[in-house]
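Peer 1: Any chance you can model this:
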Amino acid sequence: MKHKLTVLIAGLAFVAGAAVPTLAMEHHPDMRAALNALFSARTHLQTSNRDFSGLRVKALGETNEAIRDVQAAISSDPH
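Peer 2: Sure, this is the predicted structure:
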């Protein structure tokens with residue numbers, strides 16, 4: 001019985017140990033944080049009720065372009 005318990009504990013430890021690095025190693029956390037910030041900025045630009053002489057629309061377009069660029073950069077890395 002003691003041997004079975006030891007094997008069970010060792011197996012659980014192995015499974016838990018294998019899962020932790022997968023959860024902890026998010027790829028490109030800075031790029032993903034930047035992407036989230038761009039999504040937030042886009043929402044604010046879309047919901048603003050002022051035009052700012054066309055600059056809000058220009059900024060919205062550039063933000064969309066930046067989102068596409070960051071997504072492409074993340075996708076281009078094979079890791």
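
Peer 1: okay, and for the chain, where does confidence drop off?
Peer 2: Within the chain, the stretches with pLDDT under 70 are 1-25.

Peer 1: the helices in it, which residues?
Peer 2: Using DSSP state H, the helices found in the chain span residues 2-24, 29-47, 55-76.

Peer 1: neighbouring contacts of the shortest one?
Peer 2: Here helix 29-47 makes contact (CB atoms under 8 Å, 6 or more residues apart in numbering) with Glu26, Arg56, Ala59, Leu60, Thr63, Asn64, Ala66, Ile67, Val70, Gln71, Ala73, Ile74. (Each C-beta comes from the backbone N, C-alpha and C, glycine too.)

Peer 1: Identify the farthest-apart pair in those.
Peer 2: Largest separation among those by CB to CB: Glu26 and Arg56, giving 32.6 Å.

Peer 1: Compare neighbour counts for the two and give me the winner.
Peer 2: Each of Glu26 and Arg56 has its neighbours counted (other CB atoms under 10 Å); Arg56 has more, 16 against 8.
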